[in-house]
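**Student:** Pasting the sequence and the predicted model now:
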Amino acid sequence: MFAPSPQLTVTVEDLDGEPDVHLHAGGQGFWQSRMIAALGVEAVVCATFGGETGRVLRALLEGENVDLRAREVAARNGSYVHDRRDGSRSEMVEMLPDALSRHELDDVYELALVEGIRAGTAVLSGPSDDRVLPHDTYYRLTSDLTGNGCRVIVDLAGDRLAEAVRGGPHVVKVSHEELGEEDLSKLIGKAREIAESCVHGVIVSRADDPALALLEDQLYLVNMPKLEPVDTRGAGDSMTAGISAGLALGMSLTDAVKLGAAAGAVNVTRHGLGSGSGEAVRELSKRVELEPIEE
């Protein structure tokens, strides 16, 4: 797991009428790693830690069920404070992360390259702000890993996504918002464009609608059981994590997508991003159906 700059999250909740403050490790890469670990796959997180936020983050991550490969840096990790006392998530303040220096980036890049080649499956996640690292890092890392026999899964947006796709990842997960389209036929066209870069699977999440999946040139709608949501944030990250875990466990791409869809569905029923039990995800995956689309 390439998680270049995790976030420290501070959440204020209500406990019997009194403020209840919680500190958690956060950021896309960590949330994905937590779900991967819940599904029984060892998650090795390659990340940087700097400043006061970094020291707290590292201590929190070392208490989680992930294998941490840490690089201490001068660049501070970002943080945010959310107020959930009224039942909804309201952002109070966010501190953006600092940019990594050239040497700091070189070191975490090397960590991710070595661990990805060892594992055979790598997930590339993004930081919370564009200034942390150059976009072309994702092209280089995707290309280097793929060229050395590692399956790369990416869940990115904008220029980061474009650079990663240029490197030829195995699977791309993206939302319809990131592609700037809602019409299914146009999303199919966008998915096919991505697949032209030797991508084996493109999964497009579509909010409340069934996800679109282009798997080895076959199109599907991913139909999941409807569950009542508690918090929809993080469902896409859990889907990516489930797909990645399934591939690491030797599943076919279609079965891995079913596992990912189930992981995303379970996540929305819980407080806490990237959370959910492996047992619940595996059971729900039996109810996920891939409906072929005929063009």
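**Tutor:** Now that the structure is in, tell me what you want to look at.
**Student:** quick one: the residue nearest the centre of the chain from S175, how far?
**Tutor:** With distances taken as Cα atoms, centre = their mean, the chain has D237 as the residue nearest its mean C-alpha position (3.8 Å). In this structure, D237 lies at 11 Å from S175, with Cβ to Cβ, to the nearest Å as the measure. Every C-beta, even on glycine, is put in place using the N, C-alpha and C of the backbone.
**Student:** before we move on, which element is the residue nearest to the centre of the chain in?
**Tutor:** Taking DSSP states H and E as the definition, one finds D237 inside helix 235-248.
**Student:** Can you list the buried residues in that helix?
**Tutor:** Neighbour counts over helix 235-248 (16 or more other Cβ atoms under 10 Å) mark 235-248 as buried.
**Student:** now the helix with the most length in the chain, how far from the centre of its chain.
**Tutor:** Ranked by residue count, the top helix of the chain under DSSP state H comes out as helix 102-119. In terms of Cα atoms, centre = their mean, to the nearest Å, the centre of helix 102-119 is found 18 Å from the chain centre.
**Student:** hmm, back to that, kindly export the helix holding D237 (C-alpha atoms) in CSV.
**Tutor:** As requested, the backbone C-alpha atoms of helix 235-248 are provided in CSV (Å, rounded to 0.1, in the frame of the first residue of the first chain):
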residue,chain,number,x,y,z
ALA,A,235,-17.5,3.1,0.6
GLY,A,236,-15.4,3.5,-2.6
ASP,A,237,-12.2,3.0,-0.7
SER,A,238,-13.6,-0.2,0.9
MET,A,239,-14.6,-1.4,-2.6
THR,A,240,-11.0,-0.9,-3.8
ALA,A,241,-9.7,-2.7,-0.8
GLY,A,242,-12.0,-5.7,-1.3
ILE,A,243,-11.0,-6.0,-5.0
SER,A,244,-7.3,-5.8,-4.0
ALA,A,245,-7.7,-8.3,-1.2
GLY,A,246,-9.5,-10.7,-3.5
LEU,A,247,-6.8,-10.6,-6.2
ALA,A,248,-4.1,-11.1,-3.5
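**Student:** counting contacts, what elements does it pack onto?
**Tutor:** Identification of packing neighbours for helix 235-248 by 3 or more Cβ pairs under 8 Å, 6 or more residues apart in numbering; DSSP states H and E yields helix 28-38, strand 121-124, strand 151-154, strand 171-175, strand 201-206, helix 253-267.
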